[in-house]
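Novice: predicted model and sequence below, questions to follow.
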Amino acid sequence: MTTTESAATQAAPAATPREPVLSVRDLRVWYGTERGPIQAVDGVSFDVRPGETLGLVGESGCGKSTLGRGVLGLTPPGVALDGEVVLRSERAAGRNLVGLAPKELQKLRGPELGLIFQEPMTRLNPLMKISEHFEETLRTHEKNLTKQQIRERSLEALRGMGIPPSRYENYPHEFSGGMRQRIMIALALVLRPAFVVADEPTTALDVLVEAQIIKILADLRKNFDTALVLITHNLGIVAEACDRVAVMYAGHIVEQGDAREVFANPQHPYTKELLRSTISLSTTGLHYIPGSPPDLGDPPVGCRFHQRCPVAMRGCAENEPPEAVLASGVRSACWHQAIEVEPSLADELGKDGREPLAAVKEISVADEA
Ligand SMILES: Nc1ncnc2c1ncn2[C@@H]1O[C@H](COP(=O)(O)OP(=O)(O)OP(=O)(O)O)[C@@H](O)[C@H]1O
């Protein structure tokens with residue numbers, strides 16, 4: 001995807017931000033299936049800085065989990081990966097994780113790369129006490145710790161999650177679902193990883209526990225400078241807990257930027273539709289996006305959203321949009337913003353390329369009648 005930048009962004013860069021701990025560039029992930037490859041992630045690029053939370057949102061099946069696992073090198077066998085995932089942590093030292101030997105990657109998982117899953121019960125061993133889980137995790141990655149140090153680190157992590165030290169010798173089944181999830185998070189964070197992916201960490205929980213966990217995650221990343229990618233269906237959580245947001249559609253990131261800016265002033269038509277679909281107290285009727293996301297085994301040419309886009313132009317059906325960088329720093333992969341930033345790009349859409357696509361459809365239906 002090409003990028004076009006607004007003059008305002010080039011002329012007046014903001015205060016120098018910290019170097020990203022993770023930089024993903026042009027990442028592609030394919031599943032091999034009997035009916036051909038499914039390109040679940042297709043040319044995705046983003047950065048995450050230390051202590052920052054990036055919310056990853058989008059409809060079911062758009063590739064969020066595949067992206068999260070692809071970044072960590074945790075895709076199942078038979079999956080092809082291409083692109084760059086540069087991790088600037090102590091041990092990874094700026095290496096590209098794509099193509100790294102599985103053994104090398106394994107060494108980084110835990111101490112530098114963490115994953116928080118949705119179902120804690122499937123990850124905790126019912127026959128092991130919580131203390132044993134922590135001992136195993138810490139001993140695997142930090143071999144020189146004494147028993148006392150392990151205990152101190154574990155209790156500190158548990159306390160941060162609101163689990164009292166008196167529960168250290170309990171078994172997983174003695175905790176509620178919300179507590180188990182907090183224990184899982186404590187287990188992922190006890191190693192103080194530089195970068196963590198949390199894939200729908202609160203989906204199975206009630207709203208109060210969800211709010212508590214999100215608050216704890218926010219505190220911890222501040223305390224330990226952990227960079228976090230939070231995958232969620234809940235846009236409220238993103239608005240509440242994320243610094244930045246990336247909106248995915250059909251394997252692409254279509255918009256990304258400061259979360260408050262994107263929520264207050266969405267640019268990409270898909271983001272606008274997604275935000276309109278969210279139920280709020282002021283909602284008087286349910287809004288949904290007509291149609292369904294494209295088949296990732298055979299995605300449409302041009303903009304992948306054009307068939308469902310209320311403002312699609314003729315040219316959108318044939319030309320993949322470049323990524324426009326707006327003055328606010330928000331990036332949007334839409335022809336409308338691209339032309340706004342760089343008017344000469346309109347030429348690439350050709351003659352009649354800016355005519356509304358809906359009108360074109362109506363004409364062709366009328367012609368057939
Ligand atoms: N193991 C697999 N084999 C083949 N295709 C897969 C596999 N896992 C996922 N896919 C396909 O890849 C695409 C992206 O799936 P993914 O689970 O990453 O989406 P998602 O946005 O996380 O969805 P959800 O929000 O429902 O979890 C979908 O089309 C899905 O059908």
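Specialist: Received, thanks.
Novice: can you classify the closest residue to the ligand within the stretch 151-300 of the chain by secondary structure?
Specialist: Ranking the residues of the stretch 151-300 of the chain by distance to the ligand (Cβ to the nearest ligand atom) places residue 296 first, at 4.5 Å. (Each C-beta comes from the backbone N, C-alpha and C, glycine too.) What DSSP: H, G, I helix; E, B strand; the rest coil gives for residue 296 is coil.
Novice: do you know the pLDDT at it?
Specialist: If you check residue 296, the pLDDT there is 95.
Novice: ok, it - contacts?
Specialist: By Cβ atoms under 8 Å, 6 or more residues apart in numbering, the residues touching residue 296 are 38, 39, 40, 61, 63, 250, 251.
Novice: would you turn those residues into a markdown table with secondary structure?
Specialist: Output for the contacts of residue 296, formatted as a markdown table (three-state DSSP):
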| residue | secondary structure |
| --- | --- |
| 38 | strand |
| 39 | strand |
| 40 | strand |
| 61 | coil |
| 63 | coil |
| 250 | coil |
| 251 | coil |
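Novice: can you narrow those down to the ones near the ligand?
Specialist: The subset of the contacts of residue 296 lying close to the ligand, counting by Cβ under 6 Å from any ligand atom, consists of 38, 40, 61, 63.
Novice: of those residues, which is the nearest to residue 328?
Specialist: Within those, proximity to residue 328 (Cβ to Cβ) peaks at residue 63, which comes in at 25.3 Å.
Novice: hang on, residue 18 packs against residue 49?
Specialist: Yes - in this structure, residue 18 is within contact of residue 49 by Cβ atoms under 8 Å, at 5.1 Å.
Novice: these two: who's more crowded?
Specialist: Counted by other Cβ atoms under 10 Å, residue 18 and residue 49 do not tie: residue 49 has more neighbours, with 17 against 10.
Novice: distance of the more buried one relative to residue 272?
Specialist: Using Cβ to Cβ, to the nearest Å, we find residue 49 at a distance of 27 Å from residue 272.
Novice: before we move on, what about residue 69?
Specialist: Here the criterion is Cβ to Cβ. By it, residue 69 lies 29 Å from residue 272.
Novice: show me which of the two is the more surrounded one.
Specialist: A count of neighbours by other Cβ under 10 Å puts residue 69 above the other of residue 69 and residue 272, at 20 against 17.
Novice: for that one, which non-adjacent residue is closest in space?
Specialist: Spatial nearest neighbour of residue 69, chain neighbours left out: residue 75 (5.3 Å); criterion: Cβ to Cβ, 6 or more residues apart in numbering.
Novice: what about that neighbour, how many neighbours?
Specialist: 19.
Novice: isn't it right next to residue 29, touching?
Specialist: Yes - when contacts are counted by Cβ under 8 Å, residue 75 is listed as touching residue 29 (6.5 Å).
Novice: shared neighbours of those two, anything?
Specialist: Common neighbours of residue 75 and residue 29 (criterion: Cβ under 8 Å, 6+ apart): 66, 81.
Novice: which secondary structure element contains residue 105?
Specialist: Using DSSP states H and E, residue 105 sits within helix 102-108.
Novice: got the contact list for whichever helix or strand comes after that helix?
Specialist: Using DSSP H and E, the helix or strand that follows helix 102-108 towards the C-terminus is strand 113-116. Among residues not part of strand 113-116, those counted as contacts by Cβ under 8 Å, 6+ apart are 68-69, 72, 74, 87, 109, 184-185, 188-189, 191, 193-199, 201, 226.
Novice: residue 317 contacts residue 301, correct?
Specialist: Yes - assessed by Cβ under 8 Å, residue 317 is found in contact with residue 301 at 7.3 Å.
Novice: so which residues on the stretch 1-150 of the chain come close to the ligand?
Specialist: So the stretch 1-150 of the chain meets the ligand at 31, 33, 38, 40, 58, 60-66, 76 (Cβ under 6 Å from any ligand atom).
Novice: so which of the residues you listed is the closest to residue 117?
Specialist: residue 65 (10.1 Å).
Novice: ok, back up a step: residue 317 and residue 301: which is more packed in?
Specialist: For residue 317 versus residue 301, neighbours defined as other Cβ under 10 Å are more numerous around residue 317 (18 against 10).
Novice: residue contacts, the more buried one?
Specialist: 300, 301, 302, 303, 306, 357 are the contacts of residue 317 under Cβ under 8 Å, 6+ apart.
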